[in-house]
Each structure stands twice: as C-alpha cells, then as structure tokens.
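Chemist: when you get a sec, could you give me coordinates for this:
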Amino acid sequence: MGERAPGPMALDPSTVERFMRVLAIDTAGWTCSVALWEEGRELAFQEKESERDQAVLLPQFVKEVMGRQKVDQLIVNIGPGSFTGIRVGLAFAKGLAMGWNLPLKGIDSFIATYANLTLQSDVLVLIEARRQDVFGRHFQNGLPQPAQSLSRKDIEKILSLSNPPMLAGNGIHPFLDGLVFKETFSPWRGAQSLANAFFKDPSIASEPLPFYVREPDVSQAPQLCPSAH
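Modeler: The predicted structure follows:
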C-alpha cells in the first residue's frame, strides 16, 4: 500500500498572529500616532505631536491609514505617560474593537521600547513624564523590575555605579542632557514601536488596562465665593 499523504500542519498561535494585519494606536504620550502593519512590515503610518487634539486626530488617522483595508487585531499603548492620553487611546481602541468585533490587546511603553532594542542585556528604559521626574523600568537579562518614578538625582546615582545600565526611551532627552551615559536606540516610535514589538513576540501583549506608575495629578476646582448682596 502506498503511503498516505500527510495532512496540513497546524500552525501554533504565535505563527498565526505573525500573519495578521494589525492596527496599532498610541496616544499615551504627547504624540498621536496610528500604524498599520501586516506580516511584520509597515503598510501605513500617521503621527503628530499633540497634547489636546488626540481625540480629534485619532479617527482621522485611522481613516487615512486604513483606507478600505480590514484588520485582524487592534493594539493600544496602555501607558505610562499622559493620564489624558492613556484614557483617550484606550477609550477609542475599545470603541473600535466593539464596533468592528475585533480582539484588542495592550502593550505598555516600557515593554514596547525594550522589545525593539538590539542591545538588551542590562537596560534602564525611561519614559517621558513632563514633570520633575521620568518613569523608569530596569530590564536585567530580559527580566523587568518594578516600574518607578525617577528624579534626575536618582538617575545620577544609578549612573555612578561601577557597571551602570544602558539607557533607552523617550525620557532621556532633554531630561538627562549634560550627564555621561550609554544610550541604545530603536528605529521605531509610537504606534510603530507597538506593532513591531507585537510581531516580534505576540506574547508580550496583554489585557488593555491602563498602566500608571503614579497616581494622576488631580486638582479640585476652586469653590466660588458667595456673592454679597
């Protein structure tokens, strides 16, 4: 009897995800960006620095990037960064996921930055906070340490160690200008960074919950004084 022809091989989930068309959204910082990727390559990208118009820019960018194409997966930056930006991105992405009946996953700024680096043995990723500090997370041999808020003096102490980590992320300049350190870069930014990180390792994406390193700054509206009659 002749040998039976082998049946089709089943692809593992990570392999299937690599053939997806992914729409990535990033408003966690002070820039609005949207990227469309397929099979690990970029199809379209839109970006603009904006602090207050992200909710207006997002639908425009999605329309321009998508055209008439369809996607299989939505990815959103869950933070840390701008409190308002994180909420805008998550709310918009969740609305798209519900309307288009698509899966939605989140990737945080630290993981997205680290995943796109070539040198990964000992890296301190710094994310801009636009305060008197930056958000920092140390990766040692691929293992992430707890995220924390770091002042310039904190980082000066880290850099004074006998074997300081390499630095990466958008929180370096101009925050640390004038200090001596080694820096490693990623060629991708914003939504590009999310998409490329996802295609490199889909397992880093998780439930889209906001990632805050510290509590958002909230101030109460001043009470109006009663008018004199």
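
Chemist: now the strands for this protein?
Modeler: If you assign secondary structure with DSSP state E, the strands in the chain sit at 21-26, 31-38, 41-49, 73-77, 104-107, 122-128, 134-140, 143-144, 148-150, 166-168.

Chemist: so which of these is nearest residue 193?
Modeler: Relative to residue 193, the nearest member of the strands of the chain by CB to CB is strand 21-26, separated by 7.5 Å. (Glycine included, C-beta is placed from N, CA and C.)

Chemist: name the residues of stretch 89-107 that are buried.
Modeler: Taking 16 or more other CB atoms under 10 Å as the basis for neighbour counts, the residues of stretch 89-107 that come out buried are 89-90, 92-93, 96-97, 104-107.

Chemist: count of residues packed around residue 148?
Modeler: The tally of other residues near residue 148 (other CB atoms under 10 Å) stands at 14.

Chemist: give me every residue that touches the residue nearest to it when sequence neighbours are not counted.
Modeler: Of all residues beyond its chain neighbours, the one nearest residue 148 is residue 136 (5.8 Å), with distances taken as CB to CB, 6 or more residues apart in numbering. Contacts of residue 136 were listed using CB atoms under 8 Å, 6 or more residues apart in numbering, and they are 124-127, 147-150, 154-155, 171.

Chemist: report the buried members of these.
Modeler: Neighbour counting by 16+ other CB under 10 Å classes 124-127, 147, 150, 155, 171 among the contacts of residue 136 as buried.

Chemist: closest one to residue 75 out of those residues, please.
Modeler: For the buried ones among the contacts of residue 136, the residue nearest residue 75 by CB to CB is residue 127; the value is 17.4 Å.

Chemist: quick check: beta-bridge partners of the closest one?
Modeler: Note on residue 127: beta-bridge partners residue 135, judged by DSSP bridges.

Chemist: the longest helix seen in the chain packs against which elements?
Modeler: With DSSP state H setting the assignment, residue counts place helix 83-100 as the longest helix in the chain. With contacts defined as 3 or more CB pairs under 8 Å, 6 or more residues apart in numbering; DSSP states H and E, the secondary structure elements packing on helix 83-100 are strand 21-26, helix 54-66, strand 73-77, strand 104-107.

Chemist: would you mind giving these as JSON lines with distance to residue 193 added?
Modeler: Shown next, in JSON lines, are the helices and strands packed on helix 83-100 (distance: least, CB to CB, whole Å):
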{"stretch": "strand 21-26", "distance to residue 193": "8"}
{"stretch": "helix 54-66", "distance to residue 193": "16"}
{"stretch": "strand 73-77", "distance to residue 193": "8"}
{"stretch": "strand 104-107", "distance to residue 193": "9"}
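
Chemist: between the ones you listed, which gets nearest to residue 84?
Modeler: Going by CB to CB, the one of the helices and strands packed on helix 83-100 nearest residue 84 is helix 54-66, 7.9 Å.

Chemist: can you state the direction angle for the closest one and strand 21-26?
Modeler: 160 degrees (axes from the mean of the first three to the mean of the last three CA atoms, to 10 degrees).

Chemist: contacts only, for the spatially closest residue to residue 208 that is not a sequence neighbour.
Modeler: The shortest distance from residue 208 to any non-neighbouring residue, by CB to CB, 6+ apart, is to residue 106 (3.5 Å). Shown in contact with residue 106 (CB under 8 Å, 6+ apart): 75-78, 90, 205-209, 211.

Chemist: show the buried residues in those.
Modeler: 75-78, 90, 205, 208, 211.
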